[in-house]
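**Student:** I need the structure of the sequence given here:
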Amino acid sequence: MTRLDKLIAGSGRFSRSEAREAIRAGRVSALGRVLTRPEERVEEDLPVLVDGERLRTDALRYFMLDKPAGVLTASRDARQPTVLELLPAELRRLGLQPVGRLDKDTTGLLLLTNDGDFAHRVISPKSGVVKTYLARTQGDVDAEDERGFARGLELEDGTKCLPAGLESLGDGLCLVRVQEGKYHQVKRMLAARGKPVLELRRLAIGGLELDERLGSGNLRELFPGEIELVFAHSHRL
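**Tutor:** As a prediction, this is how the structure comes out:
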């Protein structure tokens, strides 16, 4: 059981004070009854309507964002824009955080959630969740580069990378599949093979592919079933 005003505020559409105002104004109903007391305790799965519209009151939420270049994957930064600043006001109240990181100039699929256990599971190396990137490089990767990635690279500073997938697409394009998230990893691995990255875009996390219909800077909530797609094909490069 939880307070009615807390339940409504948990939707992200209303602050706690706005929720109380809506309740007292008779705008909130459930199961055919108008609810007028903010302090009333209700079941957390109660189907609540505000102004006749069903309210999302799920505690845990999951979104995919098509991250644009030029924004930081961070919760806040005093000098530069962050991915959370792309969210509409009602979603900023949900406590969403980015799952892992994309470099400032890297675009593509970024997950946002307020489910800390889910986020930890996605980024943990033990989960083996494979992230797929499309890279444009200076020069085409070749079969020897692909074999080097499959063996696992050791970078100049001694960083050892797990075996990864590399597939040439020609015309300076390639697909990269990694199951860990070291600092600038994809860029550093390709640079180590003499193929500096010019552009980088994440296409998929596990079996969940970026919805290219979103457009840069836009997001949508994950559909039922998409959450577990993230863990599909783990450790498969």
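**Student:** going by C-alpha atoms from here, please, whenever you check contacts or count neighbours.
**Tutor:** OK.
**Student:** quick one: buried residues of the helix or strand of the chain with the lowest mean pLDDT?
**Tutor:** Every helix and strand in the chain was compared by mean pLDDT, DSSP states H and E; the lowest is helix 89-92, with a mean of 86. Buried residues in helix 89-92, counted by 16 or more other CA atoms under 10 Å: Leu91.
**Student:** what does that helix contact?
**Tutor:** Gly12, Arg13, Phe14, Leu84 (CA atoms under 8 Å, 6 or more residues apart in numbering).
**Student:** and what of stretch 122-130?
**Tutor:** By CA under 8 Å, 6+ apart, stretch 122-130 touches 99-100, 121, 177-181, 205-206, 230-237.
**Student:** contact partners for Arg76?
**Tutor:** Thr82, Leu84.
**Student:** from Glu228, how far out is it?
**Tutor:** Distance, Arg76 to Glu228, using CA to CA, to the nearest Å: 28 Å.
**Student:** who touches the residue nearest to Ala30 when sequence neighbours are not counted in this structure?
**Tutor:** Excluding the flanking residues, the one nearest Ala30 by CA to CA, 6 or more residues apart in numbering is Val48, at 4.9 Å. The contact partners of Val48, by CA under 8 Å, 6+ apart, come to Val28, Ser29, Ala30, Leu31, Arg54, Leu55.
**Student:** correct me if wrong: the second one contacts Leu49.
**Tutor:** Yes. Between Ser29 and Leu49 a contact is recorded at 5.3 Å, counting by CA atoms under 8 Å.
**Student:** which of the contacts of stretch 122-130 fall in helices?
**Tutor:** Arg121 (DSSP state H).
**Student:** among the contacts of stretch 122-130, name the buried ones.
**Tutor:** By 16+ other CA under 10 Å, these give 99-100, 177-181, 205-206, 230-232, 234-235, 237 as buried.
**Student:** on that earlier part again, would you format the contacts of helix 89-92 as CSV with pLDDT included?
**Tutor:** Output for the contacts of helix 89-92, formatted as CSV (pLDDT from 0 to 100):
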residue, pLDDT
Gly12, 76
Arg13, 80
Phe14, 85
Leu84, 95
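**Student:** domain ranges for this protein, per the record?
**Tutor:** As assigned by automatic domain parsing, the chain contains the domains 2-54, 62-125+208-229, 131-205.
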